[in-house]
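[1] Turn this into a structure:
(2 chains)
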Amino acid sequence: MEVTVQGQMVHAATGGRAWNGDEPAVILVHGAGLDRTIWQLQTRNIAYMGRRAIAVDLPGHGRSGGALLATIEDIADWIPGFMDAAGIKTAKLIGHSMGALVTLEAAARHPSRVDKLCLMGVSEMMPVHPDLLDAAEKNQTLAPELIVYWGLGEKAKIGGHPHPGLWVHNASQTLLELSGEGVLFNDLSACNAYKGALEAAAKVKCETLFVLGKDDMMTPARKARSLADAIENSATILIERCGHMMMSERPNQVYDALKGFV
Amino acid sequence: MVEPKFAKFDTLALHAGQQPDPATGARAVPIYQTTSYVFDDTDHAASLYNLERPGHIYTRLSNPTTGVLEERVAALEGGVGAVATASGMAALFLAVATLMDKGGHIVSSGSLYGGSHNLFTYTLPRFGIETTFVNPRDPQAFKDAIRPETRLVFGETLGNPGIEVMNLPVIADIAHEAGLPFMIDATFTTPYLIKVFDHGVDLAMHSLTKFMGGHGTAIGGVIVDSGKFDWEGSDGRFPTLTEPYAGYHGLDFAEEFGTQAFVMRARAEGMKDFGACLSPANAFYILQGIETLPLRMQKHVSNAEAVAGFLDGHEAVEWVNYPSLKTHPDHELAKTLLPKGAGSILSFGIRGGRDAGRKFIESVCLASHLANIGDAKTLVIHPGSTTHQQMSAADLDAAGIGEGMIRLSVGIEDAGDIIDDLKQALRVSQKD
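    Numbering: from 1, shown residues only, chains lettered A, B, ... in the order given. Predicted structure coming up:
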């Protein structure tokens, strides 16, 4: 799917299924340096559950044009414009990592557009290690390597993946390496600078699901507790033997978590 | 500065792709000798068939034992994923059929395994796919041979049986400038000696029958995807990957699977429709071999260097073709691309031509005369009368194969024993 937002082409995957006009919309927002394909199984699955699944490439990511948006707040404010362009009044929002901060902030700022919220791999703050930030600024391959090193759970680093033949380590690293120059640095800088998660959470009134990896080193599950406490109508699902890259690492458990949500 | 600490090659060769069996605790990879897998319910079945959830349906498509092998090879190569096949030839056909339709064209090194040469020369044209063969040492020839309908540039890390070292970064640049993927058969080198994706290669294939399995017990093949080729940026030349596929309700593989588009299509269409799947028992045997790949390759290389040195100085030997020798035309390139060694396949010419070659072949005792390479045991063959016998005299010349050429696959026996065997066979070959 391609739409125009603020004069720029925006691309999104829709799970390979034609929509019926009145189906509930589910928008999936990717994390730093990634694109729509990180949701490859979930997009198809949600679409074939009878929803309008929309895994968006944020501006400057994947196949979308446009300039990178520099702050979490800017990206959150971009979401309603994208929904307008796609003909969507309200939607369930699912965000992972940076995308979780974006969807949390969007739900706080634009509550009338958000039916439900799912925050995956999220924490109250997402400070970025200075070595990672430095490597990303220099577009060094060390940056994707560090993300994979910290982002994958210990078992996923050895493998035994349920998706036959897929080597999750390189699948994750290659996707990050192929992000355009400066994309990862922009996104990590946005995460590093963002301090508004608790304040945003206090404003969220919609039903919210937290999906967290028990072995997540990048956004430790315990650091999402304050956000869950701040949202009155929230629930948490903790996935065992799972790091930060949960959609790739534990797709069946993510499937179980999202089935009830969507 | 923090450093990511990932498992290294030797560790991955033993562990990648496997957790202890969750049902039994088995530490070794179990052989899942089953054709099919029970679904939880109809929704689960539908989601597996529709590529919404990961898992196994039927062993022609995937199998837990074979899946460990695929993941392990992908890890060793540094790819995003792999698909194992019944043989190396099945892997090559699967790759070609995934990339192109009738009307497609391949630019290939002319120095290829005889089976690959036959597929490209005689069989693929029946399906409307043509190949132009070029000298693997002539990058300009690759460039000149590319046509609007070209869909693949292909070669072998080390040519067969000429042992030419392909200049991977240079040929990769030529392919990429033309918007084409570069695929390499890395059977002779294995990822232990060279990780081809580090040199611009997009797709790698192996005959797992050879060094990877290493024991001459199981036939198998694999294709590995680097995930780095931009299918969507290639002006619609790869519709199998960038346009809706009616066989999966209009699935656009690049749109939905991104960097994994090639392996997903190869499995979803190729394994389903062509059906050249690897048996789980063979996957198990090959996995046993891969566990010792680093150790075996070190010994293969050190033995090959010793044998090459022996042959190089022998009065009954006219020439020796092995990249570690200074006399080899690609010696300097081999030092750059293959710093751990140039494998263990070498060829040489016996003084006395065809008759002397026949006597030599029939006189070896330790070395085995058979149509394989990459076994732990030393193997020997006369390509002109066996692996490459379908080629015309002109094609043989073009591929650098003379009538008297002997190809040796140096095993991991004691190097002195191998040399003693060759020494006595050479002596017999020179008798009237």
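[2] Could you tell me which residues of the stretch 101-250 of chain A lie near chain B?
    A:129, A:131-132, A:142, A:145-146, A:148-149, A:155, A:157-167, A:169-171, A:174-175, A:177-178 (C-beta under 8 Å from any C-beta of the partner chain). Heads up, the C-betas are built off the backbone N, CA and C, glycines and all.
[3] show me where the stretch 151-300 of chain B has helices.
    Along the stretch 151-300 of chain B, counting by DSSP state H, counting those that start in this stretch, helices occupy B:168-177, B:190-193, B:239-242, B:253-257, B:261-265, B:272-273, B:280-291, B:293-312.
[4] Between helix B:280-291 and the last one, find me the angle.
    So the one you mean is helix B:293-312. Angle of helix B:293-312 versus helix B:280-291, following axes from the mean of the first three to the mean of the last three C-alpha atoms, to 10 degrees, is 70 degrees.
[5] by contact count, what packs against helix B:293-312?
    Where contact means 3 or more C-beta pairs under 8 Å, 6 or more residues apart in numbering or on different chains; DSSP states H and E, helix B:293-312 is packed against helix B:9-15, helix B:190-193, strand B:317-321, strand B:345-350, helix B:415-429.
[6] quick one, which of the ones you listed is nearest to A:Arg17?
    Closest of the helices and strands packed on helix B:293-312 to A:Arg17 is helix B:9-15, at 37.6 Å (criterion: C-beta to C-beta).
[7] What's opposite the most centrally placed residue in chain B in the beta bridge?
    When C-alpha atoms, centre = their mean is applied to chain B, the residue found nearest the centroid is B:His206 (2.4 Å). Legend: beta-bridge partners of B:His206 under DSSP bridges are B:Val222.
[8] Contacts only, for it.
    B:Val73, B:Gly88, B:Ala91, B:Asp185, B:Ala186, B:Thr187, B:Thr190, B:Met212, B:Gly221, B:Val222, B:Val224 (C-beta atoms under 8 Å, 6 or more residues apart in numbering or on different chains).
[9] Considering the residues you listed, which possesses the most neighbours?
    B:Val224 (35 neighbours; other C-beta atoms under 10 Å in any protein chain shown).
[10] Would you mind stating the distance between it and B:Gly79?
    4 Å (C-beta to C-beta, to the nearest Å).
[11] For residue 39, grab the count of nearby residues.
    Here I'm looking at chain A. A:Trp39 has 28 neighbouring residues, counting by other C-beta under 10 Å.
[12] hm, I was asking about chain B
    B:Phe39: 15 surrounding residues under other C-beta under 10 Å.
[13] what do you get for the one 4 residues further on?
    Residue neighbour count, defined by other C-beta under 10 Å, stands at 14 for B:Asp43.
[14] Show me which parts of the helix or strand where it lies are buried, residue by residue.
    Assessed by DSSP states H and E, B:Asp43 sits inside helix B:42-49. If you call a residue buried by 16 or more other C-beta atoms under 10 Å in any protein chain shown, then helix B:42-49 has these buried ones: B:His44, B:Ser47, B:Leu48.
[15] Give me the contact list for that helix.
    Contacts of helix B:42-49 (C-beta under 8 Å, 6+ apart): A:Asn45, A:Tyr48, A:Tyr255, B:Phe39, B:Arg53, B:Gly55, B:His56, B:Ile57.
[16] what's the next helix or strand after that helix packed up against?
    For helix B:42-49, the following helix or strand on the C-terminal side (DSSP H and E) is helix B:64-77. With contacts defined as 3+ C-beta pairs under 8 Å, 6+ apart, helix B:64-77 has these neighbours: helix A:168-177, helix B:9-15, strand B:81-85, helix B:190-193, strand B:221-225, helix B:280-291.
[17] again, only this time at 6 Å
    On a contact count with 3 or more C-beta pairs under 6 Å, 6 or more residues apart in numbering or on different chains; DSSP states H and E, helix B:64-77 meets strand B:81-85, strand B:221-225, helix B:280-291.
[18] With mean pLDDT as extra columns, can I get the ones you listed in CSV?
    Output for the helices and strands packed on helix B:64-77, formatted as CSV (pLDDT from 0 to 100):
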stretch, mean pLDDT
strand B:81-85, 98
strand B:221-225, 98
helix B:280-291, 98
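[19] Do a quick rundown of the helices in the stretch 1-150 of chain A.
    A:40-47, A:72-85, A:98-109, A:130-137, A:142-151.
[20] for the stretch 1-150 of chain A, what are the low-confidence residue spans?
    Within the stretch 1-150 of chain A, no range satisfies pLDDT under 70.
[21] let's go with 80 and repeat that
    The stretch 1-150 of chain A contains residues with pLDDT under 80 at A:20-21.
[22] ditto for the stretch 151-262 of chain A
    For the stretch 151-262 of chain A, no range has pLDDT under 80.
[23] Just flag the most distant two among the contacts of helix B:42-49.
    Across the contacts of helix B:42-49 (C-beta to C-beta), the longest gap, 19.4 Å, separates A:Tyr48 and B:His56.
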